[in-house]
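**Q** just to be clear, the model below is a prediction. Sequence and coordinates:
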Amino acid sequence: MTETFTLVHLSDAHLGPIAGFRLGNLNIKRAFGFLNWQRHRRFVHVPSVAERLAADALAHAPDHIAVTGDLANLGLPGEFVTGLGWLKSLGEPHRVSVVPGNHDIYTGQLGGPSCLETWAPYMRGSESWTETSPVHFPYERTVGQVALIGLNSSIPTPPGVAGGRVGPMQLAALARSLERLGEAGYIRVVLIHHPPLPGQATARRALEDAAALADVLARHGAELVLHGHNHKQSLAWLKRGDGGGIPVLGVASASAAFGYKAEPPARYHLLRIRRADGEVFINCEVRGLDGEGHVARIARDDLVMPSP
Ligand SMILES: [Fe+2]
Ligand SMILES: [Fe+2]
């Protein structure tokens with residue numbers, strides 16, 4: 001591939017207001033979540049900020065947009081409809097790929113269509129875009145020379161737990177996908193909500209099988225892994241079996257009106273990916289709210305693995 005592929009990465013929009021919260025879907029987890037939302041998070045996550053970042057991203061005419069989960073807050077069917085509206089504003093389903101976050105798959109008590117049903121067109125693999133079949137993870141979407149592989153790391157969890165799990169079925173399928181897509185010459189971009197490496201989140205917020213996932217990625221290879229969940233920008237390098245490295249890139253929330261705790265104001269990533277002489281080069285432009293509240297470039301750097 002000689003031309004540059006432009007990929008936008010947005011995450012953790014946490015779109016309000018809470019929609020469809022009724023006595024019938026109240027449980028302990030949602031009660032605590034609702035209190036946290038009312039007291040703190042509804043002031044931080046402002047939908048108009050997510051709309052402004054989306055507009056700025058679209059102005060760069062990206063080849064594709066990746067959204068790594070947490071569009072909702074309490075995992076309510078009404079919130080999934082709000083999320084669908086935001087996804088539609090980003091583009092047609094074949095131009096936007098989504099994986100669910102722990103706030104989208106929140107508790108076992110649903111009371112209506114799941115996010116996997118409501119957002120299905122944005123999660124179906126390339127082969128089944130026009131079908132009405134259920135969503136399967138990992139999905140594969142090929143766009144030019146780029147293959148996006150979407151994992152579902154989100155499972156219903158008890159109150160106070162925001163962890164996740166990929167599970168052995170997805171891990172086995174991921175290994176096969178990475179192998180096949182790598183042999184076919186695709187630039188492989190893995191999408192997951194939770195940070196995929198051990199130690200990237202506290203125990204109650206972490207991916208349970210991060211070590212097993214890191215092992216699959218290292219053994220079968222990928223060119224880039226994108227995640228959300230921590231509401232912070234981060235770059236880690238996973239060593240591959242052949243001595244190279246896989247950049248693991250986390251993005252901040254797309255809707256934070258201001259910095260909250262250690263989380264920065266709203267950010268998204270504009271990634272420029274190209275292949276030259278058999279090597280993949282990735283440039284990451286961080287865009288988001290600057291000190292004056294404008295959406296602007298915050299930083300821009302090539303992703304380069306530090307020398308040992
Ligand atoms: Fe989040
Ligand atoms: Fe999350």
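**A** Looks like it arrived, so ask away. Residues are numbered from 1 along each chain as shown. Ligands and ions are numbered 1, 2, ... in the order given.
**Q** only C-alpha atoms for contact and neighbour calcs from this point on.
**A** OK.
**Q** enumerate every residue touching the residue nearest to residue 80 when sequence neighbours are not counted.
**A** Leaving aside its chain neighbours, residue 80 sits nearest to residue 115 (5.7 Å; criterion: C-alpha to C-alpha, 6 or more residues apart in numbering). Contacts of residue 115 were listed using C-alpha atoms under 8 Å, 6 or more residues apart in numbering, and they are 75, 77, 80, 100, 104-105.
**Q** interface residues of the stretch 151-300 of the chain facing ligand 2?
**A** Contact residues, the stretch 151-300 of the chain versus ligand 2 (C-alpha under 5 Å from the ion): residue 229.
**Q** show me where the stretch 151-300 of the chain has its strands.
**A** 187-191, 224-227, 234-239, 245-250, 267-276, 279-289, 295-302 (DSSP state E, counting those that start in this stretch).
**Q** neighbouring strands for the first one, and are they parallel or not?
**A** In this case it means strand 187-191. Sheet pairing of strand 187-191 (DSSP bridges) gives strand 146-150 (parallel), strand 224-227 (parallel).
**Q** and what of the fourth one?
**A** Based on DSSP bridges, the strands next to strand 245-250 in the sheet, each with its direction, are strand 224-227 (parallel), strand 234-239 (antiparallel).
**Q** same check on the fifth one?
**A** For strand 267-276, the pairing partners within the sheet under DSSP bridges are strand 5-10 (antiparallel), strand 279-289 (antiparallel).
**Q** for these, which one ends up most surrounded?
**A** strand 5-10 (a mean of 24; mean count of other C-alpha atoms under 10 Å).
**Q** distance from the helix or strand following it to the middle of the chain?
**A** Going down the chain from strand 5-10, the next helix or strand is helix 28-36, by DSSP states H and E. Relative to its chain's centre, helix 28-36 lies at 23 Å (C-alpha atoms, centre = their mean, to the nearest Å).
**Q** is ligand 1 contacted by helix 28-36?
**A** No: using C-alpha under 5 Å from the ion, helix 28-36 stays clear of ligand 1, with a minimum separation of 12.3 Å.
**Q** in the helix or strand just after that helix, what counts as buried?
**A** Where DSSP H and E defines the elements, the next helix or strand beyond helix 28-36 is helix 42-44. Within helix 42-44, the residues scored as buried using 16 or more other C-alpha atoms under 10 Å are 42, 44.
**Q** of all the strands of the stretch 151-300 of the chain, which one is nearest ligand 1?
**A** Ligand 1 sits nearest to strand 224-227 of all those, at 10.6 Å, using C-alpha to the ion.
**Q** which residues touch the closest one?
**A** Residues contacting strand 224-227 (C-alpha under 8 Å, 6+ apart): 9, 11, 68, 188-196, 246-251.
**Q** what does the protein put close to ligand 1?
**A** 12, 229.
**Q** nearest to the spatial middle of the chain, which residue is it?
**A** Among the residues of the chain, residue 68 comes closest to the average C-alpha position under C-alpha atoms, centre = their mean, at 1.2 Å.
**Q** for that residue, give me its contacts.
**A** 9-12, 98-101, 191-193, 226-228.
**Q** any idea of the pLDDT on it?
**A** pLDDT for residue 68: 98.
**Q** residue 2 now?
**A** pLDDT, residue 2: 62.
**Q** what's near enough to touch the residue of the stretch 101-250 of the chain found nearest ligand 2?
**A** Closest residue of the stretch 101-250 of the chain to ligand 2, C-alpha to the ion: residue 229 (3.7 Å). Listed by C-alpha under 8 Å, 6+ apart, the contact partners of residue 229 are 11-12, 69-70, 101, 193-195.
**Q** one more time with 10 Å, if that's ok
**A** 11-12, 68-70, 101-103, 162-163, 192-195, 201, 205-206, 250-253 (C-alpha atoms under 10 Å, 6 or more residues apart in numbering).
**Q** likewise residue 196?
**A** 153, 164-166, 206-214, 217, 225-228, 238, 248-250.
**Q** in JSON lines, list the strands paired with strand 187-191 along with mean neighbour count.
**A** Formatted as JSON lines, those follow (neighbours: other C-alpha atoms under 10 Å):
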{"stretch": "strand 146-150", "mean neighbour count": "24"}
{"stretch": "strand 224-227", "mean neighbour count": "25"}
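**Q** Serialize these to CSV and add fields for mean pLDDT.
**A** As requested, the strands paired with strand 187-191 are exported to CSV (pLDDT from 0 to 100):
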stretch, mean pLDDT
strand 146-150, 98
strand 224-227, 98
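**Q** would CSV of these with distance to residue 84 be doable?
**A** Below are the strands paired with strand 187-191 laid out as CSV (distance: least, C-alpha to C-alpha, whole Å):
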stretch, distance to residue 84
strand 146-150, 18
strand 224-227, 20
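**Q** nearest to residue 16, of those strands?
**A** strand 224-227 (21.4 Å; C-alpha to C-alpha).
**Q** pull the closest one out as CSV, backbone CA atoms only.
**A** Below are the C-alpha coordinates for strand 224-227, written out as CSV (Å, rounded to 0.1, in the frame of the first residue of the first chain):
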residue,chain,number,x,y,z
LEU,A,224,-2.0,-2.1,15.8
VAL,A,225,-4.3,-2.6,18.8
LEU,A,226,-6.8,0.2,19.8
HIS,A,227,-8.7,0.3,23.1
